[in-house]
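[1] can you look at this prediction? I've put the sequence above it.
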Amino acid sequence: QKEVEQDPGPLSVPEGAIVSLNCTYSNSAFQYFMWYRQYSRKGPELLMYTYSSGNKEDGRFTAQVDKSSKYISLFIRDSQPSDSATYLCAMSAWSSASKIIFGSGTRLSIRP
Amino acid sequence: GAVVSQHPSRVICKSGTSVKIECRSLDFQATTMFWYRQFPKQSLMLMATSNEGSKATYEQGVEKDKFLINHASLTLSTLTVTSAHPEDSSFYICSARDQTLAGGSTDTQYFGPGTRLTVL
């Protein structure tokens, strides 16, 4: 069993829709949870970073962490074609700057 | 935000040759840098952790004699793929740890744009 599971997609939604991306994990030691966005042939870009359980909002993006269920989510409101990318969840036991375990990534396409 | 660069962005080489990839933190000092490898449609896999002035720590299954890492300064780490073979063809990405608090930056990793290696 992988430490972090993420549905690879692809996921295609119309512009303006709400997007829900999810990951599950098995290691209860994880405390830091990140979401990265990666465009084709580019390095990952940090979108959201949360510590422990709860919600965090940043503009059109909301990250949720449920440690009791070992489940994290990223919601994108009012999705735009420019949001089309691969979204990677990532987590760490020590800090967001220490050893990170990545999910496999979900390919998202926003249709105009 | 903090900027990390990689050079070259793309390299094609013949089997058996060695290739060096540079990773630089442009506007901050990084005592720790990380090297990842990403195969098509797969996630990033950590290869090694590079600490300035000391030996790199390699992940299980990564050959340290094949993937030589040198972190000679607080802004530069290099990855050398020695005697490259076609199976080493991949997207290599580095990240640098920014531990400074100035300017509101947090202790987090910033990723470079990646280097695509093709071994013929």
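    Structure's in. What do you need?

[2] tell me, how many neighbours does B:C94 end up with?
    B:C94: 31 surrounding residues under other Cβ atoms under 10 Å in any protein chain shown. To be clear about C-beta, it is placed using only N, CA and C from the backbone, and glycine gets the same treatment.

[3] beta partners of it?
    Note on B:C94: beta-bridge partners B:W35, judged by DSSP bridges.

[4] show me where the chain has strands.
    Because you didn't say which chain, this covers chain A. A:4-6, A:11-14, A:19-25, A:32-38, A:45-51, A:54-58, A:61-66, A:71-76, A:85-92, A:101-102, A:106-111 (DSSP state E).

[5] meant chain B, my bad for not saying
    B:4-7, B:10-13, B:19-25, B:32-38, B:44-51, B:57-58, B:67-73, B:76-81, B:90-98, B:108-111, B:115-119.

[6] save these as a markdown table, and put in distance to A:S79 and mean pLDDT too.
    Below are the strands of chain B laid out as a markdown table (distance: least, Cβ to Cβ, whole Å; pLDDT from 0 to 100):
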| stretch | distance to A:S79 | mean pLDDT |
| --- | --- | --- |
| strand B:4-7 | 28 | 96 |
| strand B:10-13 | 31 | 96 |
| strand B:19-25 | 33 | 96 |
| strand B:32-38 | 25 | 94 |
| strand B:44-51 | 24 | 91 |
| strand B:57-58 | 39 | 93 |
| strand B:67-73 | 39 | 91 |
| strand B:76-81 | 36 | 96 |
| strand B:90-98 | 26 | 92 |
| strand B:108-111 | 23 | 84 |
| strand B:115-119 | 29 | 96 |
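
[7] can you add distance to A:I110 and give those back as JSON lines?
    Putting those into JSON lines (distance: least, Cβ to Cβ, whole Å) gives the following:
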{"stretch": "strand B:4-7", "distance to A:I110": "27"}
{"stretch": "strand B:10-13", "distance to A:I110": "28"}
{"stretch": "strand B:19-25", "distance to A:I110": "32"}
{"stretch": "strand B:32-38", "distance to A:I110": "23"}
{"stretch": "strand B:44-51", "distance to A:I110": "23"}
{"stretch": "strand B:57-58", "distance to A:I110": "39"}
{"stretch": "strand B:67-73", "distance to A:I110": "37"}
{"stretch": "strand B:76-81", "distance to A:I110": "35"}
{"stretch": "strand B:90-98", "distance to A:I110": "24"}
{"stretch": "strand B:108-111", "distance to A:I110": "23"}
{"stretch": "strand B:115-119", "distance to A:I110": "26"}
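
[8] that older thread, and of the strands of chain A, who's closest to B:V62?
    Nearest of those to B:V62, taken as Cβ to Cβ: strand A:101-102 at 15.3 Å.

[9] state the mean pLDDT of that closest one.
    For strand A:101-102, mean pLDDT rounds to 90.

[10] distance from it to the middle of the chain?
    On the basis of Cα atoms, centre = their mean, to the nearest Å, strand A:101-102 sits 11 Å off its chain's mean C-alpha point.

[11] in contact with residue 64, which residues?
    All of this is about chain A. Residues near A:Q64 by Cβ atoms under 8 Å, 6 or more residues apart in numbering or on different chains: A:54-55, A:72-75.

[12] wrong one, chain B
    B:K64 is in contact with B:48, B:56, B:58, counting by Cβ under 8 Å, 6+ apart.

[13] what residues are up against the second one?
    Looking back up the chat, that one is B:A56. B:A56 touches B:48-50, B:64, B:69, B:71, counting by Cβ under 8 Å, 6+ apart.

[14] run the last query once more with 10 Å
    Contacts for B:A56 (Cβ atoms under 10 Å, 6 or more residues apart in numbering or on different chains) come out as B:33-35, B:47-50, B:62, B:64, B:67-71, B:77, B:79.
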